[in-house]
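Asks: have a look; sequence and predicted model below, questions after that.
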Amino acid sequence: MSGRRRASDVFVECLEAEGVRYVFGIPGEETLDLNQSLANSSVTFIPVRHEQGGAYMADMYGRLTGRAGVCLGTLGPGAMNLVTPIGDAFLDRAPVVALTGQAALERMHKESHQFIDLVDLFRPITKWNARVSSPDIIPEVVRKAFKVAESEKPGATMLELPEDVMGAETEEIEPLRRRRPVSPEPSARELLKAADLIRRAISPVVLAGNGVVRARAAPALREFCRATGISVAETFMGKGLVDAYDTHALGTVGLHARDYAMAGFEDADVVITIGYDLVEHAPSHWNPRKDKKIIVVDSQPAEIDEFLQPEVELVGDIYHVLTRLAEECRDVPHSGGSHRLREIILGRLEAARDDAAFPMQPPRALWEIRQALGREDILISDVGLHKLWIGRMFPAHEPNTVLIANGLAGMGFALPCAIAAKLVHPERKVITVNGDGGFLMNCQELETAVRLKTPIVNIVWENSQYGSIVWKQERKFGDHFGTDFTNPDFVRLAEAFGMPAFRCEAVEDFGRHLRHALTLDLPSLIVLPIDYSIDVAISEELGAETVAT
């Protein structure tokens, strides 16, 4: 690497040194040099149809690989279109590096066409961000952006790239070497204190969340359960950490007030939170009397919350901590927790296999999807009432196979994320479930899916309403308002993008169309009229719900 080169070439060489495979985004006038450098590199640039779609793709790439996904928008409106998915990556702990174009440095001190201070704009929703003000700092800022994005707890970082800086010539500059993030190690004293609490517990339970998924620590969690006999409740984003049919599975908690009681938390004396993020569901729901002894196992110290005051915190690599803890607690098996929640939910799902109602009710739809997917295949949920049904009822066998946005929880998440999931796991079947409200928010990425030939199956649950809000309004006021709309013909819409599409006209159509669609080598869409009249909270048995979608 000798002689003078464009700064954008150096920047892309730094991306290559980070192992970047894809950049998802839309080129702009202010990113001309960067895009030309990408064209001459080993990085694949994937044009998308809206910057939000590109950033969601980067988000899902980061979730599934642990390596930061990269998205690109130009200055002004292009960059601002990244805000929602970057906020999603920030709250859902997905490693993402966002790149934005920007006006030349000499324009930034005054009013100027399309100029907005993007560093200030993105600061509240990123772990770190910076303006690349000189070619000389490129290796440092790129290395820092990836290190910060990928370090626990991961999230989004952002680099603003002024066009004159990217187009400038520069002397020899080498990328900095990528280094593996370092995890702290809990002290032996803290570990033994936690082990003593567990050994003396009468009815302990585990609450496992997204951090265990990120740490790839499901095998260690399962061995901890086997060694100690302690059972596990999962958050929405922790689904699959323990197989839904394992004897140690207590079910997915986080929809309503009785979930935790039905899973045995009410009677628990010790709660072990493992990779649990408060952003999913507040601890006041499972420790309302503040009477639990709490052990925190996580990659970072616990958030301050009056209902989460740990007796001991084991901060470090979750896999390693769980392995050591299992060894210390192996000789004192427990049987805390209650399987009542899981039994009710799985019982409802199994009973739905014979439900002949049409429009189809959610449990029957989920039963059909579960039959069509293998253990490692992927279901991605968009946001809406269907998300609550999936989070509550859809049984997962492995982590990262039922993917739910439950931090920021923005609509329009599923379709672009499915494209990225198929790029990461081309050998797996990938299905999305969308409401008819959320689907139109990023349906333009159907074109991207067709162009890339990513064979994903998009299921649209159609009821011509914002269903979750209807549900909330009717529970609170007995009526709903401002929630009804009309839809396009989704089949013709999908066909206009060049993909096969199917409308279900009877209950038996859904399974048939789904099985067929999963054999295709191109993306497809299925429209399923849905009946939301049954209560997702199963309130007559489980009580009143506590959270919004």
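Replies: Received the coordinates, thanks. Numbers count the residues shown, from 1 in each chain.

Asks: quick one: residues contacting residue 377.
Replies: Neighbour list for residue 377: 401, 428-431 [criterion: CB atoms under 8 Å, 6 or more residues apart in numbering]. (Glycine included, C-beta is placed from N, CA and C.)

Asks: just the element for residue 226, please.
Replies: Residue 226 belongs to helix 218-228 when assigned by DSSP states H and E.

Asks: mind checking the pLDDT average for that helix?
Replies: Helix 218-228 shows a mean pLDDT of 96.

Asks: helices or strands up against it?
Replies: Applying 3 or more CB pairs under 8 Å, 6 or more residues apart in numbering; DSSP states H and E, we find helix 218-228 packed against strand 205-208, helix 318-329.

Asks: what's the local residue count around the nearest residue to residue 26 once chain neighbours are set aside?
Replies: In space, residue 26 comes closest to residue 51 once its chain neighbours are excluded; the distance is 5.6 Å by CB to CB, 6 or more residues apart in numbering. Neighbour count for residue 51, taken as other CB atoms under 10 Å: 27.

Asks: residue 51 contacts residue 84, correct?
Replies: No. Using CB atoms under 8 Å, residue 51 makes no contact with residue 84, being 9.7 Å away.

Asks: report how many residues lie close to residue 72.
Replies: 31.

Asks: am I right that it is in a strand?
Replies: Yes. Secondary structure of residue 72 (DSSP: H, G, I helix; E, B strand; the rest coil): part of a strand.

Asks: how near is it to residue 458?
Replies: 25 Å (CB to CB, to the nearest Å).

Asks: the strands in the stretch 151-300 of the chain, which residues?
Replies: Remark: strands assigned in the stretch 151-300 of the chain by DSSP state E, counting those that start in this stretch are 156-162, 169-170, 205-208, 232-234, 249-252, 270-274, 293-298.

Asks: those strands: which one's closest to residue 523?
Replies: strand 156-162 (27.1 Å; CB to CB).

Asks: elements contacting that closest one?
Replies: Taking 3+ CB pairs under 8 Å, 6+ apart as the contact cut, strand 156-162 packs with helix 83-92, strand 96-102, helix 118-122, strand 128-131, helix 138-150.

Asks: closest to residue 410 out of those?
Replies: Per CB to CB, nearest to residue 410 of the helices and strands packed on strand 156-162: helix 83-92, 5.1 Å.

Asks: run the chain-centre distance for the closest one.
Replies: Mean-position distance between helix 83-92 and its chain equals 10 Å (CA atoms, centre = their mean, to the nearest Å).

Asks: show me what that helix packs onto, helices and strands only.
Replies: helix 51-65, strand 96-102, helix 118-122, strand 156-162.

Asks: at 6 Å what do you get?
Replies: helix 51-65, strand 156-162 (3 or more CB pairs under 6 Å, 6 or more residues apart in numbering; DSSP states H and E).

Asks: which of those sits most buried?
Replies: Counting by mean count of other CB atoms under 10 Å, helix 51-65 has the highest mean neighbour count of the helices and strands packed on helix 83-92, with a mean of 28.

Asks: which stretches of this protein have low pLDDT?
Replies: 1-3, 110, 257, 539-549 (pLDDT under 70).

Asks: grab the most central residue of it for me.
Replies: residue 405 (4.5 Å; CA atoms, centre = their mean).

Asks: just say helix, strand or coil for that one.
Replies: Under three-state DSSP, residue 405 comes out as coil.

Asks: residues contacting it?
Replies: Applying CB atoms under 6 Å, 6 or more residues apart in numbering to residue 405 gives the contacts 88, 92, 383, 413.

Asks: the third one contacts residue 409, correct?
Replies: Yes. The pair residue 383 and residue 409 qualifies as a contact (CB atoms under 6 Å) at a distance of 5.0 Å.

Asks: so which of the two has more stuff around it?
Replies: Using other CB under 10 Å as the criterion, residue 383 and residue 409 rank with residue 383 on top: 25 against 21.

Asks: most tightly packed of the helices and strands packed on strand 156-162?
Replies: Counting by mean count of other CB under 10 Å, the most buried of those turns out to be strand 96-102, with a mean of 30.

Asks: contacts for that strand next, please.
Replies: Contacts for strand 96-102 (CB under 6 Å, 6+ apart): 28, 30-31, 58-59, 62, 68-75, 79, 82, 86, 89, 118, 145, 149, 156-162.

Asks: report the distance from that strand to the chain centre.
Replies: 20 Å.

Asks: repeat for stretch 327-347
Replies: The answer for stretch 327-347 is 26 Å, by CA atoms, centre = their mean.

Asks: could you pull out the buried residues of it?
Replies: 328-329, 334, 336-342, 345-346 (16 or more other CB atoms under 10 Å).

Asks: filter these down to the ones in helices?
Replies: 328-329, 340-342, 345-346 (DSSP state H).

Asks: re the thing from before, okay, buried residues for the helix holding residue 226 please.
Replies: In helix 218-228, counting by 16+ other CB under 10 Å, buried: 218, 220-222, 224-225, 227-228.

Asks: thinking again about what came up before, got the ones in helices among the buried residues of stretch 327-347 as TSV, with distance to residue 390 columns?
Replies: Shown next, in TSV, are these (distance: CB to CB, whole Å):
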residue	distance to residue 390
328	36
329	33
340	21
341	16
342	16
345	12
346	14
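
Asks: name the stretch among the helices and strands packed on helix 218-228 that sits most buried.
Replies: Among the helices and strands packed on helix 218-228 - counting mean count of other CB under 10 Å - the highest mean neighbour count belongs to strand 205-208, which has a mean of 28.
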